[in-house]
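In: okay, sequence plus prediction incoming.
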Amino acid sequence: MAVSENESFAGDIKTTHPEEEVSPCVSGQTKASTAGLLSREELGRLGGERALVSDFKLMKLEKEAQKNWDLFYKRNATNFFKDRHWTTREFEELKTCREFESQRLVLLEAGCGVGNCLFPLLQDDSNIFVYACDFSPRAVEFVKLNPLYRPERCCAFQCDLTKDDLRGSVPEGSVDVATLIFVLSAVHPDKMKLALQNISRVLKPGGIVLFRDYGLYDHAMLRFKAGSKLGENFYVRQDGTRSYFFSKEFLAELCTDAGLQSVSNDYVLRETVNKKEGLCVPRVFLQSKFTKPGQSESS
């Protein structure tokens with residue numbers, strides 16, 4: 001269940017076609033303590049989205065969440081998302097958190113999709129082992145069919161992070177680093193804490209969670225049409241998949257409640273150009289790091 005940061009117009013996206021090609025129209029990106037400012041028109045548009053979908057539709061979407069993601073991968077196979085070669089640049093912990101140079105790093109990629117983050121990491125670092133799980137059985141099957149998949153370096157399995165105990169596939173307290181990259185936004189907000197608690201159980205004391213996802217007032221949030229709003233900052237796409245847009249305060253409270261401590265928690269502001277429509281649009285992501293508190297050997 002991977003979600004794309006290149007998804008420029010989430011409210012209009014047609015998942016039967018590849019994602020819109022986007023590229024930076026300004027150099028790099030900036031970190032900020034606050035989300036982007038909205039125009040009066042944009043504020044009015046969000047303020048006018050008071051009508052939520054019916055409770056029946058909310059329950060139906062929750063019940064069919066796995067099916068909708070499986071259909072997404074049936075339509076798009078491995079062609080929708082681009083490989084993420086930027087993770088080691090954005091998260092130095094993927095390279096530097098070893099106590100000694102030859103130490104094997106154990107990673108959990110929660111919501112691995114078809115491996116767009118997983119396989120670049122395996123190619124880039126020969127001394128890494130990755131547990132990779134996804135909500136969609138079809139996505140996991142695509143991972144296992146990839147020529148780069150090797151059981152001695154990777155273990156892929158299907159998992160609903162909100163109810164399936166990760167310890168059934170990952171030894172408790174064995175993971176150095178867990179990644180949540182454009183994944184938690186697809187989970188119902190009421191169940192996000194359960195997912196984080198599940199991940200925390202397999203982290204080592206002092207282990208770290210690396211997070212990147214949609215930020216509040218991202219352009220994708222502003223493009224949703226009437227009838228798409230499920231709750232505060234929570235929307236449904238045309239294909240039935242859902243997306244939440246995070247404030248740093250909400251994420252910080254969520255992680256604290258799950259027993260994790262904040263290391264960093266900032267908005268990432270950048271602009272992308274939609275070549276098809278000739279538009280340069282603001283993107284807002286939230287990029288954060290949380291750690292599992294260390295414990296003494298006697299505790």
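Out: Nice, I can see it.
In: spatially nearest residue to H188, not counting backbone neighbours?
Out: Distances taken as C-beta to C-beta, 6 or more residues apart in numbering place E62 nearest to H188, at 6.0 Å, with adjacent residues excluded. All C-beta spots, glycine's among them, are computed from the backbone N, C-alpha and C.
In: I figured N198 hits V170, correct?
Out: No. Using C-beta atoms under 8 Å, N198 makes no contact with V170, being 9.9 Å away.
In: roughly how far out does stretch 115-124 sit from the chain middle?
Out: Its chain's average C-alpha position is 16 Å from that of stretch 115-124, according to C-alpha atoms, centre = their mean, to the nearest Å.
In: which stretches in the protein count as helices?
Out: Per DSSP state H, the chain carries helices over the ranges 40-47, 55-63, 65-76, 87-90, 93-96, 118-124, 137-145, 192-202, 219-222, 248-257.
In: need those in JSON lines with distance to G231, mean neighbour count and mean pLDDT, can you?
Out: Listed next are the helices of the chain as JSON lines, based on distance: least, C-beta to C-beta, whole Å; neighbours: other C-beta atoms under 10 Å; pLDDT from 0 to 100:
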{"stretch": "helix 40-47", "distance to G231": "13", "mean neighbour count": "12", "mean pLDDT": "67"}
{"stretch": "helix 55-63", "distance to G231": "8", "mean neighbour count": "12", "mean pLDDT": "86"}
{"stretch": "helix 65-76", "distance to G231": "15", "mean neighbour count": "18", "mean pLDDT": "79"}
{"stretch": "helix 87-90", "distance to G231": "29", "mean neighbour count": "15", "mean pLDDT": "76"}
{"stretch": "helix 93-96", "distance to G231": "32", "mean neighbour count": "16", "mean pLDDT": "74"}
{"stretch": "helix 118-124", "distance to G231": "31", "mean neighbour count": "19", "mean pLDDT": "88"}
{"stretch": "helix 137-145", "distance to G231": "25", "mean neighbour count": "18", "mean pLDDT": "92"}
{"stretch": "helix 192-202", "distance to G231": "12", "mean neighbour count": "21", "mean pLDDT": "97"}
{"stretch": "helix 219-222", "distance to G231": "13", "mean neighbour count": "22", "mean pLDDT": "88"}
{"stretch": "helix 248-257", "distance to G231": "12", "mean neighbour count": "16", "mean pLDDT": "96"}
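In: nearest spatial neighbour of L71, skipping sequence neighbours?
Out: What sits nearest to L71 in space, not counting adjacent residues and going by C-beta to C-beta, 6+ apart, is D239, at 7.2 Å.
In: so what does that neighbour have for phi and psi?
Out: Note on D239: backbone dihedrals following degrees, to the nearest 10 are phi -90, psi 0.
In: tell me the pLDDT at it?
Out: For D239, the model assigns a pLDDT of 87.
In: cool, the one 5 residues further on as well?
Out: The score at Y244 is 97. That number is its pLDDT.
In: quick one: contacts for it?
Out: Contacts for Y244 (C-beta atoms under 8 Å, 6 or more residues apart in numbering) come out as L184, S185, A186, V187, P189, M192, D213, Y214, N233, F234, Y235.
In: still on that earlier bit, the helices of the chain into a markdown table, with extra columns for distance to N265?
Out: Below are those laid out as a markdown table (distance: least, C-beta to C-beta, whole Å):
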| stretch | distance to N265 |
| --- | --- |
| helix 40-47 | 23 |
| helix 55-63 | 28 |
| helix 65-76 | 27 |
| helix 87-90 | 14 |
| helix 93-96 | 15 |
| helix 118-124 | 23 |
| helix 137-145 | 28 |
| helix 192-202 | 14 |
| helix 219-222 | 19 |
| helix 248-257 | 5 |
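In: out of the ones you listed, nearest to I208?
Out: Of all the helices of the chain, it is helix 93-96 that lies closest to I208, at 5.6 Å by C-beta to C-beta.
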